[in-house]
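In: how does the following fold in three dimensions:
(one chain, ligands or ions: 1)
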Amino acid sequence: MSRSELFQHQQLLQSFRVRCLIPDLPEAEALLPLLRQIDANAWYSNFGPLVHRYEEMLGVLTGAQTLGGEAVTLSSGTAALVLGLRALDLPVGSRVLLPAFTFAATLLAVREAGLVPVLGDVDAEDWTLTPDIARALCTRHDIQLVLPVGSLGAALPAEQWDDFVASTGVRVLIDAAAGLGVQRVGRRTPVAYSLHATKPLGIGEGGVFATADATLAERVRRSSNFGFVGGAIAQPGLNAKMSEYAAAVGLVQLDRWPKLHRLRQALWQTYREALAELPGVRLQQLAQAPAMIVARHQAGAAAMQHTFAAAGIETRRWYLPPLHRHPAFLTVEVRGPEGDTRLPVTEALESEALGLPFHTRLGRNDIEAVVATLRAVGA
Ligand SMILES: Cc1ncc(COP(=O)(O)O)c(C=O)c1O
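Out: I've put the predicted structure just below:
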């Protein structure tokens with residue numbers, strides 16, 4: 001798409017009566033005190049005071065600091081994945097297991113790091129690639145690293161992944177792109193997060209790599225600044241640093257986080273109660289608020305999308321089509337649970353799952369409209 005086509009497409013989305021996702025970022029007034037600090041410091045990038053403070057707070061939020069590690073800020077979630085994978089120092093060509101039900105960046109990062117992707121299925125209840133799924137595939141296939149994804153903002157069990165690493169010797173990096181605030185790092189399990197505007201703690205563009213291993217964190221930080229140590233390049237890197245302006249937004253977002261999180265939890269609860277009674281509808285099984293809500297309906301995603309569009313309600317096909325259907329990924333190796341290339345849960349999601357409106361500006365009336373529309377699907 002050209003730039004003007006992309007712009008027109010975004011404008012068309014704004015015309016829906018109920019939007020699927022509206023980012024919730026700080027207003028200009030709230031940013032002003034920190035922007036004035038940047039003016040006074042005249043320090044705009046290269047590990048300035050706001051980035052320093054933001055990383056300290058992220059270290060606490062992710063649990064990395066309590067475990068003796070750190071959080072490193074980066075320019076995007078993709079950069080956090082690529083630099084995190086490179087810092088783990090696996091031989092070029094090592095094989096990485098990841099779910100087919102995820103955003104394309106997970107796989108693109110694997111390739112960018114010089115590694116070879118292998119696609120697996122997700123669990124039928126929580127729609128994530130679990131330690132059990134990984135264990136079964138790792139005993140049958142040659143895998144050096146597992147890259148599970150906190151699907152739609154789900155928090156993965158870091159301790160179970162730590163046990164998986166200890167018992168199999170296979171490394172793990174969690175892609176918790178939409179999970180900052182709920183996903184914690186494990187002792188042996190680092191985590192990459194996205195700060196894209198659409199994420200619950202979004203700042204526009206940005207990423208975080210958090211780990212209990214301070215040496216690993218340092219390697220990622222260096223590689224975000226070309227690989228410099230002192231005045232010389234000590235390791236390969238690129239420019240993936242966070243600016244002071246981005247950190248300013250991040251600091252204000254952290255102040256807002258308790259309120260934002262409570263709002264999302266309340267919305268999730270309202271949705272769960274309202275949809276519990278609807279025949280043919282299933283949600284991801286989670287205790288806490290996800291970043292996005294996806295519903296499965298036995299009538300199929302196409303029927304749902306059509307009915308919602310007619311009602312003026314925007315929906316999205318998050319993580320779909322699954323990775324093995326993208327033209328650029330058709331040759332990627334796929335390993336199903338039955339020893340063939342079928343991924344039953346991912347493929348059921350492909351035909352039945354649709355992202356529903358879920359953001360902090362949704363009112364009770366909007367949710368009632370969504371529920372009423374869903375009731376009409378397949379009726
Ligand atoms: C699962 C997943 N991984 C990685 C990314 C990449 O994050 P970013 O857009 O910050 O590069 C995303 C972004 O949406 C994502 O959903």
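
In: neighbours of the spatially closest residue to Leu330 that is not a sequence neighbour, just the number please.
Out: Take Leu330 and drop its neighbours on the chain: the residue closest to it by C-beta to C-beta, 6 or more residues apart in numbering is His324, 7.2 Å away. In this view, the C-beta of every residue, glycine as well, is placed from N, C-alpha and C. Other residues near His324 come to 19 when the count uses other C-beta atoms under 10 Å.

In: list the contacts for His324?
Out: Ala100, Leu119, Leu330, Val332, Val334, Thr341, Leu343 (C-beta atoms under 8 Å, 6 or more residues apart in numbering).

In: show me the helices in the stretch 51-200 of the chain, by range?
Out: Ranges of helices in the stretch 51-200 of the chain, per DSSP state H, counting those that start in this stretch, are 77-87, 104-112, 131-140, 158-168.

In: Asp366 against Pro357, yeah?
Out: Yes. With contact defined as C-beta atoms under 8 Å, Asp366 reaches Pro357; the gap is 6.3 Å.

In: neighbour-wise, which of the two wins?
Out: The neighbour count for Asp366 versus Pro357, taken as other C-beta under 10 Å, is higher for Pro357 (25 against 17).

In: measure that one to the ligand for me?
Out: Using C-beta to the nearest ligand atom, to the nearest Å, Pro357 is found at 18 Å from the ligand.

In: for the chain, give me the ranges with low pLDDT.
Out: Scanning the chain for pLDDT under 70 picks out 8-14, 378-379.

In: which parts of the helix ranked longest in it are buried?
Out: Counting residues, the longest helix found in the chain (DSSP state H) is helix 244-276. Using 16 or more other C-beta atoms under 10 Å as the test for burial, helix 244-276 gives 244-254, 256-257, 260-261, 263-264, 267-268, 271, 274-275.

In: and that helix, what does it pack onto?
Out: Secondary-structure packing of helix 244-276 (3 or more C-beta pairs under 8 Å, 6 or more residues apart in numbering; DSSP states H and E): helix 28-41, helix 49-61, strand 70-74, strand 281-283, strand 293-297, helix 364-376.

In: so which of the helices of the stretch 51-200 of the chain is the most surrounded?
Out: helix 77-87 (a mean of 27; mean count of other C-beta atoms under 10 Å).

In: residues from this structure in reach of the ligand?
Out: Residues of the chain lying close to the ligand (C-beta under 6 Å from any ligand atom) are 76-78, 102-103, 105-106, 149, 175, 177-178, 194, 196, 207.

In: dump those residues into a markdown table; add distance to Leu238 as well.
Out: What follows is those, written out as a markdown table (distance: C-beta to C-beta, whole Å):
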| residue | distance to Leu238 |
| --- | --- |
| Ser76 | 12 |
| Gly77 | 15 |
| Thr78 | 12 |
| Thr102 | 23 |
| Phe103 | 21 |
| Ala105 | 16 |
| Thr106 | 19 |
| Val149 | 23 |
| Asp175 | 19 |
| Ala177 | 19 |
| Ala178 | 24 |
| Ser194 | 18 |
| His196 | 19 |
| Gly207 | 13 |
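
In: okay, and the common contacts of Asp366 and Pro357?
Out: Val18.

In: quick revisit: need the max-distance pair from the contacts of His324.
Out: Leu330 and Leu343 (14.4 Å; C-beta to C-beta).

In: so these two - more neighbours on which side?
Out: Leu343 (25 against 9).

In: hang on, isn't the more buried one packed against Arg325?
Out: No. Contact criterion C-beta under 8 Å: Leu343 and Arg325 do not qualify, at 10.6 Å.

In: returning to what we had before: next, work out how far apart the residue nearest to Leu330 and the ligand are.
Out: Taking C-beta to the nearest ligand atom, one finds His324 at 16 Å from the ligand.

In: cool, Lys241 as well?
Out: 14 Å.

In: tell me the domain ranges of the protein?
Out: 28-250, 257-376 (automatic domain parsing).

In: what's the closest of the ones you listed to Arg19?
Out: Of all these, domain 257-376 sits nearest to Arg19, with 5.2 Å by C-beta to C-beta.

In: Thr198 contacts Arg19, correct?
Out: No. Applying C-beta under 8 Å, one finds Thr198 not in contact with Arg19, separated by 11.6 Å.

In: tell me the centre residue of this structure?
Out: What sits nearest the mean C-alpha location of the chain, by C-alpha atoms, centre = their mean, is Ala177, with 2.0 Å.

In: grab the nearest non-local neighbour of that residue.
Out: Nearest non-adjacent residue to Ala177 (C-beta to C-beta, 6+ apart): Ser194, at 3.9 Å.

In: count of residues packed around that neighbour?
Out: So Ser194, with other C-beta under 10 Å, has 30 neighbours.

In: ok, the one 10 residues further on next?
Out: As a burial measure, the neighbour count of Gly204 was computed by other C-beta under 10 Å and equals 13.

In: surely it meets Thr198?
Out: No. Using C-beta under 8 Å, Gly204 makes no contact with Thr198, being 10.2 Å away.

In: list the contacts of Ala274.
Out: Taking C-beta under 8 Å, 6+ apart as the contact definition, Ala274 lies against Ile367, Glu368, Val371.

In: now the buried members of the residues you listed.
Out: Buried among the contacts of Ala274 (16+ other C-beta under 10 Å): Ile367, Val371.

In: just the contacts of Ala274 now: which is nearest the ligand?
Out: Of all the contacts of Ala274, the ligand sits closest to Ile367, with 23.8 Å by C-beta to the nearest ligand atom.
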